[in-house]
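Trainee: give me the fold of what follows.
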Amino acid sequence: MPGSLLDAGAVIGCPHGGRVTAATTPSGGVLSQGVAVATATHGYVVTGCPHTVGGVPTPCVSVRWTADGTGVTVDGAPVLLDTSAAQCLTAAFVPQGPPVVQAAQRKVTIR
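Mentor: Numbers count the residues shown, from 1 in each chain. Next up, the predicted model:
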């Protein structure tokens, strides 16, 4: 699946407007345009999600990415693309929808 490479500078949100950031950073030191390349094995957290169900707060707190099978890896971990499949999850691991990639690096495209 083609897409643009995600890195630590990508602007990603949950479907409710929360902000997705990397909780762990790449250890391999692989950079693209001076910024760490994002992989499926790194942890991602969501902050500021305002989602409620029946008046009860049920915010997204993490994101679980699925490897796309592009064959491109960093330190053995699949790289993330703006087209990579993922789910935002509650603290109880309830899926709440895919994250929204608002801005990704367009300098590197995987086909």
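Trainee: where does pLDDT dip in this protein?
Mentor: 1, 25-29, 68-69, 103-111 (pLDDT under 70).
Trainee: which other residues reach stretch 37-46?
Mentor: 5-8, 10, 12, 14, 18-26, 30-31, 59-63, 65-67, 73-75, 77-80, 84, 88 (CB atoms under 8 Å, 6 or more residues apart in numbering). C-beta here means a position set from N, CA and C on the backbone, and glycine is covered the same way.
Trainee: list the buried residues in it.
Mentor: Judged by neighbour count using 16 or more other CB atoms under 10 Å, the buried positions of stretch 37-46 are Val37, Ala38, Thr39, Ala40, Thr41, His42, Tyr44, Val46.
Trainee: so which of the residues you listed are in helices?
Mentor: Assigned to helices by DSSP state H, none of those qualify.
Trainee: what residues sit buried inside stretch 14-34?
Mentor: Cys14, His16, Gly18, Val20, Ala22, Pro26, Ser32.
Trainee: quick check, nearest of these to Val53?
Mentor: His16 (11.0 Å; CB to CB).
Trainee: please tell me how far the closest one sits from Ala38.
Mentor: 21 Å (CB to CB, to the nearest Å).
Trainee: cool, and Val61?
Mentor: Using CB to CB, Val61 is found at 18 Å from Ala38.
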